[in-house]
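**Student:** I would like to see how this sequence folds:
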Amino acid sequence: MRDAGVTHSTPLLEWYDANARVMPWRVSPQDRRAGVRPDPYRIWLSEVMLQQTTVAAVRAYFRRFTERWPTVADLAGAEDAAVMAEWAGLGYYARARNLLKCARVVVADHGGVFPATCAGLRELPGIGPYTAAAIASIAYDEAAAVVDGNVERVIARLFHIQTPLPAAKPELTALAERLTPVQRPGDYAQAMMDLGATICTPRNPACGICPLRAQCQAVALGDPASLPRKTPKPEKPVRIGRLWVAQRPDGALLLERRPDKGLLGGMLGFPGTDWDAKGGAVTGSPPLAADWQEAEGEVRHTFTHFHLRLQVYVAVTEANPQRGAFLSAGEFTPEDLPTLMRKAYDLASSALMPR
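**Tutor:** Below you'll find the model as predicted:
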């Protein structure tokens, strides 16, 4: 029953027309009314970047990507290493690998045009239900329910859903599907996300200025900030490991490209050990014979499922490596490294010569 959402969509869209956030990938409501259509490529790219990442962090990356590769065909023709280097710092590097796979399928199998339906988009590599719904609704006006964390929070409060997340996801998705209007579904989806990001926030929601205040059951019952309820997450385990940062007298650094599969797949990094899941003794051999010195401090980094602590060892040497290759300052920059490896570089830099 799509019309069940009319009482929610009308005030929400009126609010969005006046308060929509300005984003480099978004077509404003005013431009939409003037006939400007959203670019599916830009919508797709932004949604992939925004997974597990904030809008503030994504803006600069998005601008760089679209300046360097303005169309999906440009991205499909890019070198893998160039894309991975531009992605460095955004994290979740499987997204970058799937980005290239998807771009190449769109060009090779769809003539450079993204499918216009949610079902068609789901057939592309790396595009799941949420991303498919976002592209279909925003770029193609399909009445597909777009449900991210912001939308889950808004709906849980609107309907006073007591079931904790993640168990509540099917119920929240069903409600989102019921509420999504046939008219302006893309603007509605963006309005719901904006509402959750700016007014219906996790803490201290600004209910007094919310366009859905009159329909919100949590406001009526006086406990919006307590929703959505969440099942406590188990404590993340700590893994440990070691990295070796070697530099030649001419300033070149020893680096290797990590395997495509796994964490930091396809990215440049310093040779290291496996990351022990049990926190036991670190085992593994350095990539070359040298007078290795332990750097002061340690690298700490958090992934989705665990915390990582790494010892960093440094050496200045002319020895030939058994792993990786020495790269000069002209062949890479520290900005090409993923965040974890950049932390190791920063930690080691005080013990190494200037590059």
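
**Student:** domain ranges for the protein?
**Tutor:** According to automatic domain parsing, the chain comprises the domains 2-226, 238-349.

**Student:** Which of these sits closest to residue 232?
**Tutor:** Of all the domains of the chain, domain 2-226 sits nearest to residue 232, with 9.0 Å by Cβ to Cβ. Every residue, glycine included, has its C-beta placed from N, CA and C.

**Student:** rewinding a little: generate TSV for the domains of the chain, with mean neighbour count and mean pLDDT as supplementary columns.
**Tutor:** Below are the domains of the chain laid out as TSV (neighbours: other Cβ atoms under 10 Å; pLDDT from 0 to 100):
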stretch	mean neighbour count	mean pLDDT
domain 2-226	18	94
domain 238-349	17	89
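
**Student:** Redo those as JSON lines? Include distance to residue 232.
**Tutor:** Listed next are the domains of the chain as JSON lines, based on distance: least, Cβ to Cβ, whole Å:
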{"stretch": "domain 2-226", "distance to residue 232": "9"}
{"stretch": "domain 238-349", "distance to residue 232": "15"}
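
**Student:** Which parts of the stretch 201-350 of the chain are strands?
**Tutor:** All strands of the stretch 201-350 of the chain, identified by DSSP state E, counting those that start in this stretch, fall at 238-247, 253-257, 268-269, 293-294, 299-302, 307-316, 325-327.

**Student:** Pull up the pairing partners for the third one, direction included.
**Tutor:** In the sheet, strand 268-269 lines up against strand 253-257 (antiparallel) (DSSP bridges).

**Student:** just to revisit the earlier point, which one, of the strands of the stretch 201-350 of the chain, ends up nearest to residue 227?
**Tutor:** Checking those against residue 227 by Cβ to Cβ gives strand 299-302 as the closest, at 26.5 Å.

**Student:** Name the residues that touch the closest one?
**Tutor:** 236, 243, 307-310, 312, 339-340, 343-344, 347 (Cβ atoms under 8 Å, 6 or more residues apart in numbering).

**Student:** Partner strands of that strand and their direction?
**Tutor:** strand 307-316 (antiparallel).

**Student:** Would you pull up how far the strand it pairs with lies from the middle of the chain?
**Tutor:** 26 Å (Cα atoms, centre = their mean, to the nearest Å).

**Student:** So what touches that strand?
**Tutor:** Contacts of strand 307-316 (Cβ under 8 Å, 6+ apart): 236-249, 272, 275, 282, 286, 290-295, 297-302, 340, 344, 347-348, 351-353.

**Student:** and what of stretch 27-39?
**Tutor:** In contact with stretch 27-39 (Cβ under 8 Å, 6+ apart) are residues 16-17, 20, 22, 26, 138-139, 186-187.

**Student:** For the residues you listed, give me a markdown table that also has secondary structure.
**Tutor:** Rendered in a markdown table, the data for these read as follows (DSSP: H, G, I helix; E, B strand; the rest coil):
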| residue | secondary structure |
| --- | --- |
| 16 | helix |
| 17 | helix |
| 20 | coil |
| 22 | coil |
| 26 | coil |
| 138 | helix |
| 139 | helix |
| 186 | helix |
| 187 | helix |
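
**Student:** quick one: contacts for the closest residue to residue 158 other than its chain neighbours?
**Tutor:** Of all residues not flanking residue 158 in the chain, residue 216 sits nearest, at 5.3 Å (Cβ to Cβ, 6 or more residues apart in numbering). Contact analysis of residue 216 by Cβ under 8 Å, 6+ apart lists 157-158, 207, 210, 224.

**Student:** ok, which pair from those residues is furthest apart?
**Tutor:** The most widely separated members of the contacts of residue 216, counting by Cβ to Cβ, are 158 and 207 (11.6 Å).

**Student:** What ranges does the stretch 1-150 of the chain have for its helices?
**Tutor:** 6-19, 29-33, 40-50, 55-68, 72-76, 80-87, 94-110, 118-122, 129-140, 149-158 (DSSP state H, counting those that start in this stretch).

**Student:** among the strands of the stretch 201-350 of the chain, which is nearest residue 110?
**Tutor:** Within the strands of the stretch 201-350 of the chain, the stretch nearest residue 110 is strand 253-257; the backing value is 29.9 Å (Cβ to Cβ).

**Student:** which residues touch that closest one?
**Tutor:** Residues contacting strand 253-257 (Cβ under 8 Å, 6+ apart): 81, 244-247, 266-271, 287-288, 321, 323-327, 332, 345, 355.

**Student:** and what of stretch 224-240?
**Tutor:** By Cβ under 8 Å, 6+ apart, stretch 224-240 touches 152-153, 156-157, 160-168, 172, 200, 203-205, 207, 216, 218, 275-277, 279, 282, 302, 305-311.
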